[in-house]
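>>> got a predicted structure plus its sequence, pasted below:
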Amino acid sequence: MNIAVVILNWNGRSLLEQFLPSVIKNSKEAIVYLADNASTDDSVAYVTTTFPEVRIIQNKVNGGYAKGYNDALSKIDADIFCLLNSDVEVTKDWLIPILKTFQDHREVAAIQPKILDYKKKTHFEYAGAAGGYIDKLGYPYCRGRIFDSLEEDHGQYDDTTTIFWASGACLFIRKHVFEEVGKLDEDFFAHQEEIDLCWRIHSSGYTILYEGSSTIYHLGGATLDSMNPRKTFLNFRNSLYLLIKNVPGNTVWLLMFIRMVLDGIAAIRFIIQGKFSLFFAIFKAHISFYANFKTFNKKRKKLSKTREYYSLFSVVWQYFILKRKHFDQL
């Protein structure tokens, strides 16, 4: 079983200088690729000169996370793909438990390791933490992270368990499953496209696991920080895309109405806080969603199979009203 660790890059020389050495040092079991999204800096030249063992794939355009990986992975022959962010530090032997789990469990399609915060290594990191879930309204949350509340790591998630979605910061997936379920949806561009992919993996009858014996440290926000209007736009729009595309039956319309109301409350909250750029980001997210509604409704009709996707009706209620900040309180 061979594995390809694929790092997507766009004008990220400084990140590659900081984080690529740990990947090279600790990934002897894999071939490491740099998938460059039409960078205009000298990051490709830097990697070519400094790390000649890294294989370079140069995409013709910057198509975001989804298209960038789709284009690059189509050129790689490996049993397992690891989609790894460029702002990740990996640890010694991080690949060994991942490969063993894939070898021992043929029904497992994708795996996520433990993701800790590079800036505060005692705590879980926002993008994935100890494995992802989603509530009935389409809000994602994680073991170790609910909204902006991050738990300290004291071994409570040093297990191997089934999860609903694996983080795109470090996503291991079998090549044949990636191709079978339709790759990443390029209409998402970036943010939550990995949740859509994992949703389709579940609907196809496969399993996704969290492997707590493998650890990485994620910087997070290296491309877009949490208060960037572009990130707010993508998260709000793509969350609606997830629902309309994947939720089965007519209940989706009630869920969409509830989400519209909650998005409106979030927008008003941003106005009260004086964060007008984030208010307009939500407004633009809804306009974009309406403009693309027909496209996603067609995708919805093509999905003939589905599986139960949620364990909570509303993580918003649990977090903001009941004040439950930790996963084990839900």
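Happy to help now that I have it. Numbering: from 1, shown residues only.
>>> quick one: the helices in the stretch 51-200 of the chain?
64-73, 96-104, 175-180, 193-203 (DSSP state H, counting those that start in this stretch).
>>> which secondary structure elements does the next helix or strand along the chain from the last one contact?
The C-terminal neighbour of helix 193-203 among helices and strands, as given by DSSP states H and E, is strand 207-218. Contact partners of strand 207-218 among helices and strands, from 3 or more C-beta pairs under 8 Å, 6 or more residues apart in numbering; DSSP states H and E: strand 88-90, helix 96-104, strand 108-117, strand 160-162, helix 193-203. C-betas here are computed from N, CA, C, even on glycine.
>>> what residues sit buried inside the second one?
Of the residues in helix 96-104, those buried by neighbour count under the rule 16 or more other C-beta atoms under 10 Å are 97-99, 101-102.
>>> which residues does it contact?
Helix 96-104 is touched from outside by 1, 3, 29, 80, 82, 108, 111, 113, 160, 172, 174, 209, 211, 213-214, with contacts defined as C-beta atoms under 8 Å, 6 or more residues apart in numbering.
>>> what do you get if the cut-off is 10 Å, keeping everything else the same?
1-3, 28-30, 79-80, 82, 108-113, 160, 170, 172-174, 209, 211-215 (C-beta atoms under 10 Å, 6 or more residues apart in numbering).
>>> what is the burial count for the spatially closest residue to V315 that is not a sequence neighbour?
Closest residue to V315 apart from its sequence neighbours, by C-beta to C-beta, 6 or more residues apart in numbering: D135 at 4.4 Å. Burial of D135 is recorded as 19 neighbouring residues (other C-beta atoms under 10 Å).
>>> so D135 touches V247, yeah?
No: D135 is beyond contact range of V247, at 11.6 Å (criterion: C-beta atoms under 10 Å).
>>> quick check: neighbours shared by these two?
With C-beta under 10 Å, 6+ apart as the test, D135 and V247 both reach 309-310.
>>> select the longest helix from the protein.
Looking across the chain with DSSP state H, the single longest helix is helix 251-272.
>>> quick one: contacts for Q273?
Q273 sits next to F279 when contact means C-beta under 10 Å, 6+ apart.
>>> how much space separates it from K325?
20 Å (C-beta to C-beta, to the nearest Å).
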